[in-house]
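**Q** A structural model of the following input is requested.
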Amino acid sequence: MEENNLILYFDGVCNLCSKLVQFVIRNDKRKRVRFSPLQDHPELADSPTVIVRQDDQLFYKSDAILKLLVALGGGWTVFRLGYILPKFLRDRVYDFIAFRRYGWFGKTDECMLPTPEIRDRFLEREIS
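**A** Numbering: from 1, shown residues only. So this is what the prediction gives:
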């Protein structure tokens, strides 16, 4: 399995999503996760705030968050227990927060720009 095999697609103007990216950068000691704003991917534009791609599989909503947390390794693997809860309940909580994220956390006018130290963790924007 490839070392950097997870991609986190996130809403680049969402402050909560940007905080999630910063959290992952701080806690991903193996640097397995790479990042790309949803705004760079028109085919994903109508997606629910975050998507995780592992190899050729996409994970949405609560599955994406759980996959991401478990991938961080260490103590974060305790979040495997989240899969015990039925998906429809997990996704309801996810949707509740996602629907209110701009009101609670705000949004910016443009996507976050990575610093030079973490630039290699961000996918280059594909221009068609």
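**Q** burial measure for the residue lying closest to A45 once chain neighbours are set aside, as a count.
**A** Leaving aside its chain neighbours, A45 sits nearest to L38 (6.5 Å; criterion: C-beta to C-beta, 6 or more residues apart in numbering). For every residue, glycine as well, the C-beta is placed using N, CA and C. Counted with other C-beta atoms under 10 Å, the neighbours of L38 add up to 23.
**Q** for L38, what are its contacts?
**A** 9-12, 44-45, 47, 49, 51 (C-beta atoms under 8 Å, 6 or more residues apart in numbering).
**Q** Would you state the helices of the chain in chain order?
**A** For the chain, the helices defined by DSSP state H occupy 15-27, 61-71, 87-105.
**Q** Residue ranges in the chain under the pLDDT threshold?
**A** Along the chain, the model assigns pLDDT under 70 to residues 1-4, 48, 125-128.
**Q** redo that, cut-off 80
**A** Across the chain, the ranges flagged by pLDDT under 80 are 1-4, 45-49, 110-116, 124-128.
**Q** what's in contact with stretch 76-95?
**A** With C-beta under 8 Å, 6+ apart, stretch 76-95 has contacts from 27, 48, 61-63, 65-66, 69-70.
**Q** Repeat that for stretch 102-113.
**A** Here stretch 102-113 makes contact (C-beta under 8 Å, 6+ apart) with 12-16, 18-19, 21, 37, 39-40, 97.
**Q** Apply 10 Å and report the result again.
**A** Here stretch 102-113 makes contact (C-beta atoms under 10 Å, 6 or more residues apart in numbering) with 10-19, 21-22, 35-40, 97, 101, 119, 122, 125.
**Q** Ok, stretch 46-59 next?
**A** With contact meaning C-beta under 10 Å, 6+ apart, stretch 46-59 is reached by 1-2, 5-11, 14, 16-17, 20-21, 32-34, 36, 38, 41, 44, 60-68, 71, 91, 94-95, 97-99, 101.
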